[in-house]
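Enquirer: A structural model of the following input is requested.
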Amino acid sequence: MGFLLLRVCQLQIVDFKKYKTLAHNNTTRRSLARAPRGIIYDRDGKILASSKQSLSIVLYPAVLKQQKDLKKFAKKLSFYVDLDRHELLDLLKNIDPSTPLPIALDHDIDIKTAIKIHENASDLPGVFVQEEAIRYYPFANIAAHLLGYVGQVNSNELKKSQNRALGLGDIIGKDGIENSFDEQLQGTKGESSIAVDRYGKVLENKNFDDLEFRKPIKGKDLHLTIDYDLQKIAQDALGSNMGAVVVVKAKTGEILTLASAPSFDPNIFTKPVKNSVYQDLLNKKAFLNRALNAYTPGSVWKPITALTALDHQVLKTTDYYKVSGSVSLNGFQFGDWTSKEDTMNLYDALAWSRNTFFYNVAKNLDPDWITDLGKSFGAGKKTNIEIPGESSGLLPSAQWKKKVYKEPWYPGNTLHFSIGQSFLLLTPLQVARIYSAIANDGYLPQLHLVQQDEYKLEKIDDFQLKNLEIVKKALEKCVDQGTGQAAKLPDVKIAGKTGSAEVFGYKKSTHGWFASWAPVKDPEIVVVVFMEGGGHGGTVAAPIAKMLYRAYFDKIKANETKSITINS
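Expert: All right, here's what the predicted structure looks like:
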């Protein structure tokens, strides 16, 4: 009896902590709680991305080891989640059983579904309902391409990641701002424990009071330069058409609008996406950010050609050329967008976008002159904004063509190059930067999406300022009297250039462009509208720019009135 009493004392007192820990290890499972991601705001403090509490169906991957018939398990589970059993089975097969975090199978479930899961817990080991913070985009598709979306990290992403705190089952940014600033937005995971039986089945969802519990810490917030009001107007104006809109603060490089269409709702990626839904978005090319993709710019390039010709004294404002339906060179015909005949100087030719005028000028131009000036204005290189997927475009040269096509640069190539056709490719973002430099008298801004204290401006010295003033006056005339009149406002002077780029694959129509800034004398914003295969820039793009200018300057007036009222 004495021996037994001593043994009981040893077990109950001396080795109490040891055996208590072993017991808890056998009946508890470590659970890591995801931290709410940081909030993303627009320039006025409007929330563009946040987190919201929801009921989610989650699965602890470890229980998959014990499932002898995964197909049967997927069939049972498919009655409760928004995936068919085949898609669910594929998902379950790709889950790593060693993942410590529960895998979310469905979000935002209703109370009825939660009750059914609880009632049928015996048939669904490792599956339970938990409350968690999920990413939420209150304006759905309005800023999808620039914000990006989130999803569960896969093994390949985990290997590439430099974030050591990241683990399988974690949520990461997959694109856009969410991706570029993922580590900042992530926050710190919390930790707790859940009770399980000897088969790993969850018995209850609560914390043990005597085990360490660490609350998750929300990620850091992010403040963007985006103006939601302008962003929404641009996105609504684009609708389901293929296109992009970029609005930039001319002197600071702050991006007020970066819209691309067709768009998508990033909220769908907070849970596994149905194959049919994903395939439909792929077919529409909805994930392509057209503001960052390179296209043939057409006539919006002509100001660079004009400035090149003026600087190299190939062209004067007193020079007049006959314009018509086409120009002949070495037996080839180079067409104009209209056959109307006239005699024009540079001001009229830019205002009315007459190709034949620029063909005649280009006959006396060295194509590398155009390339060199275009490079100074940022053509052919990325703007290095803070989101992935940006194209560098293509700024051709005689040397480039020799290397790529193994043939010389022909005089006809120069004629096409002069009007923004042929090999030249620019992104709407690059065009916005080029026109910012034109508006700023040669100061090229560093474009950015995240608010910062300092703004970078690069001075371009490769031209004469007096020649840039000539080009600017011609672009003002384009909106006042020429092809850009659809953007004209009675109370704000706008300068700009329409473009209609002919591209292989778009036989029935052209890419429509309109690049502009306002006010002319003291530029505040640059607006670039691109409509892929949309038609003439003056018809399809300029009216959208007008809407944005109207909204921007009306907002300024409203804020000024509000300020006066408050002060008085």
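Enquirer: average pLDDT for stretch 487-497?
Expert: Averaged across stretch 487-497, pLDDT comes to 97.
Enquirer: distance across that stretch, terminal residue to terminal residue?
Expert: Stretch 487-497 stretches 10 Å from its first residue to its last (Cα to Cα, to the nearest Å).
Enquirer: now it: buried residues?
Expert: Residues of stretch 487-497 classed as buried: Ala487, Lys488, Ile494, Ala495, Gly496, Lys497 (neighbour count, 16 or more other Cβ atoms under 10 Å). In this view, the C-beta of every residue, glycine as well, is placed from N, C-alpha and C.
Enquirer: where do the strands sit along the stretch 401-550 of the chain?
Expert: Secondary structure of the stretch 401-550 of the chain (DSSP state E, counting those that start in this stretch): strands at 443-445, 457-459, 495-501, 511-518, 525-531.
Enquirer: in JSON lines: those, plus distance to Thr343.
Expert: As requested, the strands of the stretch 401-550 of the chain are arranged in JSON lines below (distance: least, Cβ to Cβ, whole Å):
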{"stretch": "strand 443-445", "distance to Thr343": "35"}
{"stretch": "strand 457-459", "distance to Thr343": "37"}
{"stretch": "strand 495-501", "distance to Thr343": "21"}
{"stretch": "strand 511-518", "distance to Thr343": "26"}
{"stretch": "strand 525-531", "distance to Thr343": "31"}
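Enquirer: can you pull the contacts of Asn364?
Expert: Ala309, Val314 (Cβ atoms under 8 Å, 6 or more residues apart in numbering).
Enquirer: shift numbering so it begins at 42
Expert: With the count now opening at 42, the last piece we talked about shows up as Asn405.
Enquirer: any idea how far it lies from Val355?
Expert: 5 Å (Cβ to Cβ, to the nearest Å).
Enquirer: could you identify the most distant pair in the buried residues of stretch 528-538?
Expert: Lys529 and Lys538 (13.8 Å; Cβ to Cβ).
Enquirer: just so I know, which of the strands of the stretch 442-591 of the chain lies nearest Ser417?
Expert: strand 484-486 (8.0 Å).
Enquirer: what lies in contact with the closest one?
Expert: By Cβ under 8 Å, 6+ apart, strand 484-486 touches 289-294, 418-419, 474, 477-478, 496-501.
Enquirer: pull the helix or strand with minimum mean pLDDT from the chain.
Expert: Least confident helix or strand, the chain: strand 243-245 with a mean of 52, by mean pLDDT, DSSP states H and E.
Enquirer: which is the next helix or strand following that strand?
Expert: Using DSSP states H and E, the helix or strand that follows strand 243-245 in sequence is strand 263-264.
Enquirer: and the contacts of that following strand?
Expert: Gly79, Ile80, Ile81, Tyr82, Arg84, Ile218, Phe222, Gln225, Leu226, Val491, Gln492.
Enquirer: low-confidence stretches in this structure?
Expert: For the chain, the stretches with pLDDT under 70 are 52, 57-73, 141-142, 205, 209-210, 233-254, 547-549, 603-609.
Enquirer: and it, what are its domains?
Expert: 76-88+95-233+259-264, 269-602 (automatic domain parsing).
Enquirer: just say which of these is most tucked in.
Expert: domain 269-602 (a mean of 20; mean count of other Cβ atoms under 10 Å).
Enquirer: span of it from start to end?
Expert: Terminal-residue distance, domain 269-602 (Cα to Cα): 20 Å.
Enquirer: quick one: distance of it to the chain centre.
Expert: 19 Å (Cα atoms, centre = their mean, to the nearest Å).
Enquirer: what's the longest helix in this protein?
Expert: Longest helix of the chain, by residue count under DSSP state H: helix 583-608.
Enquirer: how far does that one sit from its chain's centre?
Expert: The answer for helix 583-608 is 26 Å, by Cα atoms, centre = their mean.
Enquirer: can you list the helices and strands that it packs against?
Expert: Here helix 583-608 touches helix 269-279, strand 284-290, strand 536-542, strand 552-559, strand 566-572, going by 3 or more Cβ pairs under 8 Å, 6 or more residues apart in numbering; DSSP states H and E.
Enquirer: out of these, which gets nearest to Lys112?
Expert: Here helix 269-279 is closest among the helices and strands packed on helix 583-608 (Cβ to Cβ), at 43.0 Å.
Enquirer: what does that closest one contact?
Expert: 83, 85, 87, 89, 180, 182-184, 285-286, 288, 297-302, 304, 585, 588-589, 592-593, 596.
Enquirer: let's see 6 Å
Expert: Identification of contacts with helix 269-279 by Cβ atoms under 6 Å, 6 or more residues apart in numbering yields 83, 87, 183-184, 286, 288, 297-298, 300, 302, 585, 588-589, 592.
Enquirer: go on, stretch 578-587?
Expert: Under Cβ under 6 Å, 6+ apart, the answer for stretch 578-587 is 278, 524-525, 527-528, 539-541, 553-555, 557, 568, 570, 572, 575.
Enquirer: one more time with 8 Å
Expert: 275, 278-279, 286, 339-341, 524-530, 535, 537, 539-541, 553-555, 557, 568, 570-572, 575.
Enquirer: so who does the closest residue to Ser557 other than its chain neighbours touch?
Expert: Spatial nearest neighbour of Ser557, excluding adjacent residues (Cβ to Cβ, 6 or more residues apart in numbering): Gly537 at 2.7 Å. Listed by Cβ under 8 Å, 6+ apart, the contact set of Gly537 reads 476, 516, 519-520, 525, 528, 555-558, 568, 583, 586.
Enquirer: could you work out the end-to-end span of stretch 281-295 for me?
Expert: Where stretch 281-295 begins and where it ends lie 26 Å apart, using Cα to Cα.
Enquirer: now swap in stretch 372-389 and tell me
Expert: Start-to-end, stretch 372-389 (Cα to Cα) is 28 Å.
Enquirer: for Ala155, which non-adjacent residue is closest in space?
Expert: Val170 (4.5 Å).
Enquirer: okay, and the beta partners of that neighbour?
Expert: Ile98 (DSSP bridges).
Enquirer: that one reaches Ile150, doesn't it?
Expert: Yes - counting by Cβ atoms under 8 Å, Val170 touches Ile150, with 7.1 Å between them.
Enquirer: joint contacts of the two?
Expert: Both Val170 and Ile150 are contacted by Leu96, Ser97, Ile98, under the criterion Cβ under 8 Å, 6+ apart.
Enquirer: can you redo the residues you listed as a markdown table with distance to Ser163?
Expert: Shown next, in a markdown table, are the shared contacts of Val170 and Ile150 (distance: Cβ to Cβ, whole Å):
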| residue | distance to Ser163 |
| --- | --- |
| Leu96 | 20 |
| Ser97 | 21 |
| Ile98 | 16 |
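Enquirer: would you turn the helices and strands packed on helix 583-608 into TSV with distance to Thr424?
Expert: Output for those, formatted as TSV (distance: least, Cβ to Cβ, whole Å):
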stretch	distance to Thr424
helix 269-279	18
strand 284-290	10
strand 536-542	19
strand 552-559	15
strand 566-572	12
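Enquirer: of all the ones you listed, which one is nearest Ser139?
Expert: It's helix 269-279; of the helices and strands packed on helix 583-608, that one is closest to Ser139 (Cβ to Cβ) at 42.1 Å.
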